[in-house]
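>>> next come a sequence and a model predicted from it.
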Amino acid sequence: MDAFLEEFQHLRIHLQEIKSATDNFDDKKVIGTGGFGKVYQGELSSMVAFKRLDNKFGQGNSEFWREIMMLSRYTHENLISLLGFCDEDGEKILIYEHASNGSLDRHLRSTTFMWIQRLKACLDAAIGLSYLHDDKGTQQRVLCWKF
Ligand SMILES: Nc1ncnc2c1ncn2[C@@H]1O[C@H](COP(=O)(O)OP(=O)(O)OP(=O)(O)O)[C@@H](O)[C@H]1O
């Protein structure tokens, strides 16, 4: 675990910085809730999304470290980048690039989301998946297709 922490030390972000950016986890800064818990937005050097682990949502410690290990190795324009993490004072928080256009599912339900935009979303998702499927240039293949 010590060697692991050393490898990812450069991604560590202090809790105090996150508290300042989220006005101490003010509900007004919440932009969503997922399998990990609440997601907040806030400004560090740019706008970011903070996923704050809440054990009652089911995902736990091992998922937290797995996400850091896997996502920090992948950079692609069709994938949201993991920018950092915080493991301090009993808090576990993942920090991601902020997706300013919001969730794709919201766009897909919208009647103003045109077919050409839907097609582009499909292509972009496929390109992102293909990158994760390809083990060339990355350390490990994340996805395998099953037919
Ligand atoms: N990087 C981000 N930028 C902007 N909004 C985000 C970001 N990440 C999450 N969100 C918002 O928070 C919501 C919950 O996200 P989250 O990824 O935790 O949900 P999820 O799809 O259940 O994933 P998981 O179960 O893997 O945690 C999303 O639907 C989205 O609205």
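Structure's in. What do you need? Numbers count the residues shown, from 1 in each chain.
>>> could you look up the SS state of residue 39?
strand (DSSP: H, G, I helix; E, B strand; the rest coil).
>>> cool, residue 33 as well?
Assignment for residue 33 (three-state DSSP): strand.
>>> any idea how far the ligand is from the closest residue to it other than its chain neighbours?
Spatial nearest neighbour of residue 33, excluding adjacent residues (CB to CB, 6 or more residues apart in numbering): residue 39 at 6.7 Å. The way it works is simple: take the backbone N, C-alpha and C, and place the C-beta from them, glycine included. Note on residue 39: its distance to the ligand, by CB to the nearest ligand atom, to the nearest Å, is 4 Å.
>>> my read: residue 39 touches residue 53, true?
No: using CB atoms under 8 Å, residue 39 makes no contact with residue 53, being 11.0 Å away.
>>> please say which of those two ends up with more neighbours.
More crowded of residue 39 and residue 53, by other CB atoms under 10 Å: residue 53, with 21 against 18.
>>> about what we covered before: ok, now which ones touch the residue nearest to residue 33?
Neighbour list for residue 39: 30, 31, 32, 33, 49, 50, 51, 52 [criterion: CB atoms under 8 Å, 6 or more residues apart in numbering].
>>> and if we set it to 10 Å?
Applying CB atoms under 10 Å, 6 or more residues apart in numbering to residue 39 gives the contacts 29, 30, 31, 32, 33, 49, 50, 51, 52, 94, 96, 98.
>>> run through the bridge partners of it.
residue 32, residue 51 (DSSP bridges).
>>> tell me the pLDDT at it?
Per-residue confidence (pLDDT) for residue 39: 96.
>>> if I look at residue 16, how far off is residue 123?
41 Å (CB to CB, to the nearest Å).
>>> what about residue 72, how many residues nearby?
Neighbours around residue 72, by other CB under 10 Å: 17.
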